[in-house]
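Asks: pasted the sequence and its predicted model underneath.
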Amino acid sequence: MSTPPKAPLTLARFAKHVNSLGNKDKVIKIFQYGAQALLHYVYTDKSDPATRKLNALFWGLVLHRKLFRYLNFLTELINIRTRLRELQHDKEKIVPLCLIGKHISFLIFWILDNAVYLSMGKLADFDAGPPAMLSYKLWTVANIFNMLKNLRLYQKCNPKDQEKLNDVKLALVKDASDMIVSVGFSKMADPYISWGHIGFAGIVSAVLHLKLGWPRDE
């Protein structure tokens, strides 16, 4: 059975889509990473009041998103349990194994990210640098697992199902964008990935998330 096409764009659908909790985070992510890109490419004079305001906006959105996603590790625990059940019954082992690896990586990532928020929010007194760097590396591992999963889905796609095929291709582009962000923040690719590259990749990732999640015709 072919994948149904995306539903037409209407104001009602758009409002419902961007105002769901998960998608609203991605809308805020666009502004966060947009500010980051502007700080690298446009507002480079640190003495400029506009630069200081944009920098304050960026870090404010960083903290906001960390608080918004606090306790996400609980969701990952549920995801791991679900994928383990799927692994027992699904003949296809590669996809569920990749998802289990992704969710385990994100489980530890979110715990570390929650700790970083406590330090950045002045709620705890410790150096947030080491756990932040480790969390970015785990984010990279999760991205690798997700990319492997999507590559497997691409292999299994019916070439006649263009809707599904296009979605998987976009998902792979999103995976690559997420990889740029996580590797860039972890400084594993210094000096090749700049602050501006991270900002641009973050915008692409958020936009693709919104596009991939757009509802389809019934």
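Replies: Now that the structure is in, tell me what you want to look at.
Asks: tell me how far the residue lying farthest from the centre of the chain lies from N55.
Replies: What lies farthest from the middle of the chain is S47; by Cα atoms, centre = their mean that is 32.0 Å. Look at S47 and N55: by Cβ to Cβ, to the nearest Å, they are 12 Å apart. Backbone N, C-alpha and C define where each C-beta goes, glycine included.
Asks: what residues does stretch 37-53 touch?
Replies: L54, N55, F58, S194, W195, G196, G199, F200, I203 (Cβ atoms under 8 Å, 6 or more residues apart in numbering).
Asks: do that again at 10 Å, thanks
Replies: With contacts defined as Cβ atoms under 10 Å, 6 or more residues apart in numbering, stretch 37-53 is touched by 35, 54-55, 57-58, 194-203.
Asks: equivalent analysis for stretch 186-200, please.
Replies: Outside stretch 186-200, the residues touching it (Cβ under 10 Å, 6+ apart) are 32-42, 58, 132-140, 177, 179-185, 201.
Asks: pull out the CA atoms of it and give them to me as CSV.
Replies: What follows is stretch 186-200, C-alpha atoms only, in CSV (Å, rounded to 0.1, in the frame of the first residue of the first chain):
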residue,chain,number,x,y,z
SER,A,186,31.4,18.5,21.0
LYS,A,187,34.4,20.1,19.3
MET,A,188,35.4,16.8,17.7
ALA,A,189,35.7,18.5,14.3
ASP,A,190,37.4,21.8,15.4
PRO,A,191,38.1,24.0,13.5
TYR,A,192,36.2,22.6,10.5
ILE,A,193,32.7,23.1,12.0
SER,A,194,32.1,26.7,13.0
TRP,A,195,29.5,28.3,15.3
GLY,A,196,27.7,29.5,12.1
HIS,A,197,27.7,26.0,10.6
ILE,A,198,26.0,24.7,13.7
GLY,A,199,23.4,27.4,13.6
PHE,A,200,22.6,26.7,9.9
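Asks: element containing the residue positioned nearest the centre of the chain?
Replies: In the chain, the residue lying closest to the centroid (Cα atoms, centre = their mean) is D178, at 6.0 Å. Using DSSP states H and E, the element containing D178 is helix 162-186.
Asks: list the buried ones in the helix or strand just after that helix?
Replies: Later in the chain than helix 162-186, the nearest helix or strand by DSSP H and E is helix 195-212. For helix 195-212, a neighbour-count test (16 or more other Cβ atoms under 10 Å) marks 196-210 as buried.
Asks: from the residues you listed, pick the one nearest L11.
Replies: Using Cβ to Cβ, L210 is the member of the buried residues of helix 195-212 that lies nearest L11, at 15.4 Å.
Asks: so how far is F106 from the closest one?
Replies: From L210 across to F106, the span is 20 Å (Cβ to Cβ).
Asks: from the chain's centroid, how far away is stretch 208-218?
Replies: With Cα atoms, centre = their mean, to the nearest Å as the basis, stretch 208-218 stands 16 Å off its chain's centre.
Asks: what's the end-to-end length of it?
Replies: By Cα to Cα, to the nearest Å, the extent of stretch 208-218 from end to end equals 22 Å.
Asks: check stretch 211-218 too.
Replies: End-to-end span of stretch 211-218 (Cα to Cα): 17 Å.
Asks: contacts for that stretch, please.
Replies: So stretch 211-218 is in contact with 3-9, 13-14, 16-17, 20, 22-23, 26, 163, 166-168, 170-171, 174, going by Cβ under 10 Å, 6+ apart.
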